[in-house]
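Asks: Sequence first, predicted coordinates after that:
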Amino acid sequence: MSDETAGGGAGSRAADGADVPATPSPLDRTTLEVVAVREGMFGVHGTGDTSGYGGLTRPVAMPGASAKPYGGWFDDVAVKLEEVPDAIEKVVVDHGEVTFFIRRAALVATAQHLRDDPALRFELCSGVSGVHFPHEEGRELHAVYHLLSMTHNRRIRLEVTAPDADPHVPSVVSVYPTADWHERETYDMFGLVFDGHPALTRILMPDDWNGHPQRKDYPLGGIPVEYKGGTTAPPETRRSYS
């Protein structure tokens, strides 16, 4: 097993002579960006709550771009990724993990470089996740790729964004065949269109389903539910959610 851990780098030496992997301490180099303000408990309104929780306000903050050095082997990967022209938009290091934001036009070339370069060797894409951020005008849809290097025992994330008006991202199935069904699920749930996918069809919902259920603007509850002749309306028609 490699002596490197996810987030670990050049280690120190313990009193007994054993190598102790060093974990980067990136939090002082990563700024938090307030992206929204949440009001009330769980975002629900109109419940008649008298506890006072309905008056709560809380800023929603997310990690912004991190400053170099990122720590440990994160810097080694960043330097190698700079070999792909105009690929990196920003790097975010948070809680000992690294995410490389990649411009979508350079996604496939970046994935190929990460897989094939001997110093990187990220052989496996273990999953593709979708995220919907309605407040990010012009980059509302995110696709997140979870990559594993079995050679070097390292994990990273790639993240690309697309606007609602142009929800297209290049497919990486030609580089990582395991992304086939993951991209289909992200398309099904979020509406991201993966250009070049060999068979981009829904995988969970019926082919004729209207909408993408994990987007934040999708109606909660979806459709009325029938119980032995009685009908319960969808939740969003009974109270207000944000």
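Replies: Nice, I can see it. These numbers come from a predicted model, not from an experiment.

Asks: can you list contacts of stretch 188-205?
Replies: Contact with stretch 188-205 is made by 130-132, 141, 143, 162, 167-171, 173-174, 180-181, 183-187, 207, 209, 212-215, as judged by CB atoms under 8 Å, 6 or more residues apart in numbering. Just so you know, the C-beta spots here come from the backbone N, C-alpha and C atoms, and that holds for glycine as well.

Asks: Can you tell me the centre-most residue of the protein?
Replies: By CA atoms, centre = their mean, the chain has its centre lying nearest to Val144, at 3.8 Å.

Asks: tell me the SS of that one?
Replies: Using DSSP: H, G, I helix; E, B strand; the rest coil, the structure places Val144 in strand.

Asks: neighbours of the closest residue in space to it that isn't next to it in sequence, just the number please.
Replies: Spatial nearest neighbour of Val144, chain neighbours left out: Ser129 (4.3 Å); criterion: CB to CB, 6 or more residues apart in numbering. Neighbours of Ser129 under the rule other CB atoms under 10 Å: 16.

Asks: is it true that Ser129 touches Leu158?
Replies: No - if you go by CB atoms under 8 Å, Ser129 and Leu158 don't touch, sitting 10.9 Å apart.

Asks: hey, what's in contact with both of the two?
Replies: Val144.

Asks: if we can go back for a sec, which among the contacts of stretch 188-205 end up buried?
Replies: When the contacts of stretch 188-205 are checked for burial by 16 or more other CB atoms under 10 Å, the buried set is 130-132, 141, 143, 162, 167, 169-171, 173, 180, 183-187, 212, 215.

Asks: among these, which are in strands?
Replies: Judged by DSSP state E, the buried ones among the contacts of stretch 188-205 include 130-132, 141, 143, 162, 169-170 as members of strands.

Asks: possible to save the residues you listed as JSON lines with distance to Leu120 and pLDDT?
Replies: Compiled in JSON lines, those are given as follows (distance: CB to CB, whole Å; pLDDT from 0 to 100):
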{"residue": "Gly130", "distance to Leu120": "25", "pLDDT": "97"}
{"residue": "Val131", "distance to Leu120": "25", "pLDDT": "95"}
{"residue": "His132", "distance to Leu120": "30", "pLDDT": "95"}
{"residue": "Leu141", "distance to Leu120": "27", "pLDDT": "97"}
{"residue": "Ala143", "distance to Leu120": "20", "pLDDT": "98"}
{"residue": "Ala162", "distance to Leu120": "25", "pLDDT": "97"}
{"residue": "Val169", "distance to Leu120": "21", "pLDDT": "98"}
{"residue": "Pro170", "distance to Leu120": "19", "pLDDT": "98"}
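
Asks: of all the residues you listed, which two lie farthest apart?
Replies: The most widely separated members of these, counting by CB to CB, are His132 and Pro170 (19.4 Å).

Asks: check contacts around the residue nearest to the centre of the chain.
Replies: Per CB under 8 Å, 6+ apart, neighbours of Val144: 99, 128-131, 157-159.
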